[in-house]
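S.K.: build me a model:
(chains A and B)
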Amino acid sequence: MMGPLIFEKSRKGSIGVSLPQPSEGEGAKALVSEHLLRSTPPHLPEVSEPEVVRHYTRLSRLNQAVDTTFYPLGSCTMKYNPKAADEAAAMPGFSAVHPLAPEETCQGWLEILGRTEEMLCELCGVSRFSFQPAAGAQGELCGLLMAGAYHRDRGDERKRVIVPDSAHGTNPASASLAGFDVTTAPSNSRGRIDLAALRSRLDSSTAALMVTNPNTLGLFEDEILEVASLVHEVGGLLYYDGANLNALVGRFRPGDMGFDIVQLNLHKTFAAPHGGGGPGSGPVGVKAELEPYLPVPLLERREDGWFWNWDRPRSIGKLTCFTGNSLVVLRAYVYLCLMGAAGLARASGDAVLNANYLLQGLSEAYDVRYPGPCMHEFVLSAARLKSKGVRAWDIAKRLIDYGFHPPTVHFPLIVPEAIMIEPTETESKATLDAFADTLIHIAREAEQEPELLLSAPHNTPVGRLDETEAARHPVLRWKPGEVPND
Amino acid sequence: MSFLPNTELDRAEMLEALGLESVEQLFDRAVPPSIPRSRPGLPNAMSEMEVQKRLEELGRRNCDSGRALSFLGAGAYEHFIPAAVRTIVSRGEFATCYTPYQAEVSQGTLQAAFEFQTMIAELTGMEVANASLYDGASALAEAALMAMRLTRRRKILVSGAVHPHHIRVLETYTSGVGADLHFLPAHEGVTGADRIAERADSDAAAVIIQNPNFFGCIEDLDEAASAAKGAGALFVVSANPISLGILKDPGSAGADIVVGEGQPLGIPLSFGGPYLGFMATRQDYVRQMPGRLIGMARDNRGRRGFVMTLQAREQHIRREKATSNICTNEALAALTAAVYLALVGPEGLRRIALLNLDASRRLSAPLSSLPGCSLRFSRPFFNEFVLKLPRRAEEVARMLVQKGIIGGLPLGRCFPDMSDCVLVCATETKTQPDLDRFALSLEEVLGM
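M.R.: Modelled structure (predicted):
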């Protein structure tokens, strides 16, 4: 059941924190002239500590999460997040350190950033990483601005970024923000970049081609070496969107496939929790010729220790105020230490094995537009159920009734009624079997009793919400007396 | 491998079902032989116990707030964090889920975000707020881009008293889209309204100021707003949310967009992140806003619930025409801020703001009366101030570290003409003995 908003629990005079009394009692007006001060206090809720704890604990139980449920959300890598990393992130020796602390007082932190960078360079086949971008999309912006700067330094103003039609929406959005015109490259009948079509779009105005490999169909771009040489022949750069690195880590390196710029998502591949939509961390790595353009400051090492180098005249600048989401980097460091090279290869192996096993189990009940073997994820089509009035969206909602978080649906856009499933390596065969049985059962339900799907979910705190009406008349906040309760 | 639940038997059964003998065979079918197979040279795996010991050892090489007395602020602030904040935000149900695409199984995240949006709107005095951006710096840059879309103008006037890193981020973010950035040099520590009026013309999309500004000084929002609006530019304020417990809410001064760094609201210093960008604006501007928005909705039985709304602005729908490229944001940090604000409430926030005002004054008085020291600016300040020293600030800072004190931020790197100045912050976390110790240590260092 849904309950009240925290504002609806507010009672004048309640407070959830104990604070020292401000001294002397001079008050703000004696120190700051009145016209600079607030005239009315903000309408924040007034609630005691037990009420706050109970309220948010209750809210937490309305969520499905990796800690509670199989969460096969394709392209998001919802794998288990090691608790040792949570504990590390809570240690005051890391969490209570100021980002502008003098370098001699934070060598432990700098060592962690430096060692993590070394490991990521080794895993990706690049020479440097910057941890500054706060998430994947910001990493994309960073990488593309660097591509622009690289070309400009060569007297070459290049205006075009090419993005495959299977790409995430962030790719064209980032390219556009970085000032580029976006051209879409179509996929071929095998679900890979169409080489002939790509060739016809490449010319001396091409700044970069952005590639997610494996792509969002879960397929390895098996002509990536040819793609790389075509892009390089016209002087363009090859950009790696690391959304799907989980399929490759410890086994193959983007740098070895010809990628020049590599952007990772530490909250995916390196097991940091997703936090209900963030924080993430989107480090960007580069081959040596692009190093000068990395954001400032860049971590360097000399005999007496690690330090921040701000003296980088060709840098593109800054993406975040300080040096990025360090606590997420710390979590990745913990994960890397716990896994080692062999553990990472085993993890990507299990991720790919789990996906292929699940794909095989589902390939009769659903259509497979692009045959496998897949990598760490795969895309089914529910198009055959459309005649029953059932959409991929409805299958997702029915899965909730059976206790599973739905997969990604209606993406990638090139597959009709797409259901995109990424099991990850942290699920057991038993879970996969149960999930496959359920999806097969739902396909049968769709044939026999489609209403069961169309009215799903049935046991959640709320049923399907009217998103159209919500967007037509947006209510984005509570106001006293204006937002009715249940 | 403790995170991998499949046993060797499971793997063998799965391979058999696929008609394969090994996982390598699977990769060999999917990845052509021309792609090099790699065996990365990483250190061997460690046990959890060994990792914990290494972390303890590395953590000891950092001077956290328990080990050194820090007076650093400059965009990241040490505040008291009630224990209940961490209890809530470390719950796996909040920490290990993702963007609430499936509203029915995400009502916890969605309702908390709706409450967060309301709290930020209330704090800033604005009509609506979004569900979060990355940090204060990128939020400021997004505000400039949003103002350019709303006004169809390209000129951005930025106060020289805005955090220099935020300005750097603004420059970076707008470098691709061809914004025309102009800086309004600060005078006596603040942005003069006359300077805004002088430079703001009919090409100006936005006037951006920060309050309290980078130097700690409190700006006159009313004056700045009317100077900006005189030219038809949007008035953008970057505000410290704790200061809004007592300082004028930008909305009441006529701000069009309010952004800021939400880290002071219960988020640990964390060596720079994850932090929390917030953004609030007028209801009329909401369709040009970047980032996720959570709205109220009714379900098929008429019950109240929450959904992501106005998604037609976003990259997963609009692709290259989206209002922003942001996807993953700082949802868990927004939850942290919401829990913090729920605990402190309006009275707690007012008292915390007063304690900051008070602590910074109890520190500035003895420091500025040391021989050769003075306050660089005479304007009223909130919780930090610029202290002018009789020597190079970098050198003084190094000597203070020897005494276990991180004595603020030397300003020479960002402002070469202020190499004898240090930006000093004192929040409610500093006791009288802490303040006395800083004053005494600085006196000793300067006497050496």
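
S.K.: ok and the residue in chain A nearest chain B?
M.R.: Proximity of chain A to chain B (C-beta to the nearest C-beta) peaks at A:Gly93, 2.4 Å away. C-beta: built from backbone N, CA, C; applies to glycine.

S.K.: what's that residue in contact with, if anything?
M.R.: A:Gly93 makes contacts with A:Gly108, B:Leu55, B:Glu56, B:Leu58, B:Gly59, B:Arg60, B:Asn62, B:Asp64, as judged by C-beta atoms under 8 Å, 6 or more residues apart in numbering or on different chains.

S.K.: Three-state assignment for the third one, please.
M.R.: What it means is B:Glu56. Under DSSP: H, G, I helix; E, B strand; the rest coil, B:Glu56 falls in the helix class.

S.K.: could you measure from it over to A:Pro92?
M.R.: Distance, B:Glu56 to A:Pro92, by C-beta to C-beta, to the nearest Å: 11 Å.

S.K.: and the strands in chain A, which stretches?
M.R.: Using DSSP state E, the strands assigned to chain A run over residues A:128-130, A:160-164, A:181-185, A:206-212, A:237-241, A:261-263, A:284-286, A:298-302, A:305-309, A:378-381, A:408-409, A:418-421.

S.K.: need those strands in JSON lines with mean pLDDT and distance to chain B, can you?
M.R.: Formatted as JSON lines, those follow (pLDDT from 0 to 100; distance: least, C-beta to the nearest C-beta, whole Å):
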{"stretch": "strand A:128-130", "mean pLDDT": "98", "distance to chain B": "12"}
{"stretch": "strand A:160-164", "mean pLDDT": "97", "distance to chain B": "8"}
{"stretch": "strand A:181-185", "mean pLDDT": "97", "distance to chain B": "4"}
{"stretch": "strand A:206-212", "mean pLDDT": "98", "distance to chain B": "11"}
{"stretch": "strand A:237-241", "mean pLDDT": "98", "distance to chain B": "12"}
{"stretch": "strand A:261-263", "mean pLDDT": "98", "distance to chain B": "12"}
{"stretch": "strand A:284-286", "mean pLDDT": "98", "distance to chain B": "13"}
{"stretch": "strand A:298-302", "mean pLDDT": "97", "distance to chain B": "12"}
{"stretch": "strand A:305-309", "mean pLDDT": "98", "distance to chain B": "9"}
{"stretch": "strand A:378-381", "mean pLDDT": "98", "distance to chain B": "11"}
{"stretch": "strand A:408-409", "mean pLDDT": "97", "distance to chain B": "8"}
{"stretch": "strand A:418-421", "mean pLDDT": "98", "distance to chain B": "12"}
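
S.K.: export the ones you listed to JSON lines and tack on mean neighbour count and distance to B:Arg301?
M.R.: Converted to JSON lines, the strands of chain A look like this (neighbours: other C-beta atoms under 10 Å in any protein chain shown; distance: least, C-beta to C-beta, whole Å):
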{"stretch": "strand A:128-130", "mean neighbour count": "23", "distance to B:Arg301": "50"}
{"stretch": "strand A:160-164", "mean neighbour count": "26", "distance to B:Arg301": "42"}
{"stretch": "strand A:181-185", "mean neighbour count": "18", "distance to B:Arg301": "42"}
{"stretch": "strand A:206-212", "mean neighbour count": "26", "distance to B:Arg301": "40"}
{"stretch": "strand A:237-241", "mean neighbour count": "28", "distance to B:Arg301": "41"}
{"stretch": "strand A:261-263", "mean neighbour count": "29", "distance to B:Arg301": "44"}
{"stretch": "strand A:284-286", "mean neighbour count": "30", "distance to B:Arg301": "47"}
{"stretch": "strand A:298-302", "mean neighbour count": "14", "distance to B:Arg301": "55"}
{"stretch": "strand A:305-309", "mean neighbour count": "16", "distance to B:Arg301": "56"}
{"stretch": "strand A:378-381", "mean neighbour count": "26", "distance to B:Arg301": "31"}
{"stretch": "strand A:408-409", "mean neighbour count": "24", "distance to B:Arg301": "23"}
{"stretch": "strand A:418-421", "mean neighbour count": "26", "distance to B:Arg301": "27"}
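
S.K.: residue ranges with poor pLDDT in the chain?
M.R.: This is for chain A. Low-confidence regions of chain A, defined here as pLDDT under 70, cover residues A:24-26, A:482-486.

S.K.: the chain in question should be chain B.
M.R.: Within chain B, the ranges that satisfy pLDDT under 70 run B:1.

S.K.: that one - how does it break down into domains?
M.R.: In terms of domains, chain B is parsed into B:69-81+B:346-447, B:83-340 (source: automatic domain parsing).

S.K.: do you know which of the ones you listed lies nearest chain A?
M.R.: Ranking the domains of chain B by proximity to chain A (C-beta to the nearest C-beta) places domain B:83-340 first, at 2.8 Å.

S.K.: distance between the closest one and the chain's centre?
M.R.: Domain B:83-340 sits 10 Å away from the centroid of its parent chain (C-alpha atoms, centre = their mean, to the nearest Å).

S.K.: also stretch A:331-349?
M.R.: How far stretch A:331-349 lies from its chain's middle: 19 Å, per C-alpha atoms, centre = their mean.

S.K.: list the buried residues of it.
M.R.: Buried residues in stretch A:331-349, counted by 16 or more other C-beta atoms under 10 Å in any protein chain shown: A:331-341, A:343-349.

S.K.: overlap between the residues you listed and the residues near chain B?
M.R.: A:334, A:336-341, A:343-347, A:349 (C-beta under 8 Å from any C-beta of the partner chain).

S.K.: which ones among the residues you listed lie within helices?
M.R.: Judged by DSSP state H, these include A:334, A:336-341, A:343-347, A:349 as members of helices.

S.K.: what ranges do the strands span in the stretch 201-350 of chain B?
M.R.: Remark: strands assigned in the stretch 201-350 of chain B by DSSP state E, counting those that start in this stretch are B:204-211, B:234-239, B:257-261, B:277-281, B:293-298, B:304-309.

S.K.: make JSON lines out of these and add distance to B:Leu355 and mean neighbour count.
M.R.: Output for the strands of the stretch 201-350 of chain B, formatted as JSON lines (distance: least, C-beta to C-beta, whole Å; neighbours: other C-beta atoms under 10 Å in any protein chain shown):
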{"stretch": "strand B:204-211", "distance to B:Leu355": "19", "mean neighbour count": "28"}
{"stretch": "strand B:234-239", "distance to B:Leu355": "18", "mean neighbour count": "28"}
{"stretch": "strand B:257-261", "distance to B:Leu355": "19", "mean neighbour count": "30"}
{"stretch": "strand B:277-281", "distance to B:Leu355": "22", "mean neighbour count": "30"}
{"stretch": "strand B:293-298", "distance to B:Leu355": "32", "mean neighbour count": "24"}
{"stretch": "strand B:304-309", "distance to B:Leu355": "35", "mean neighbour count": "25"}
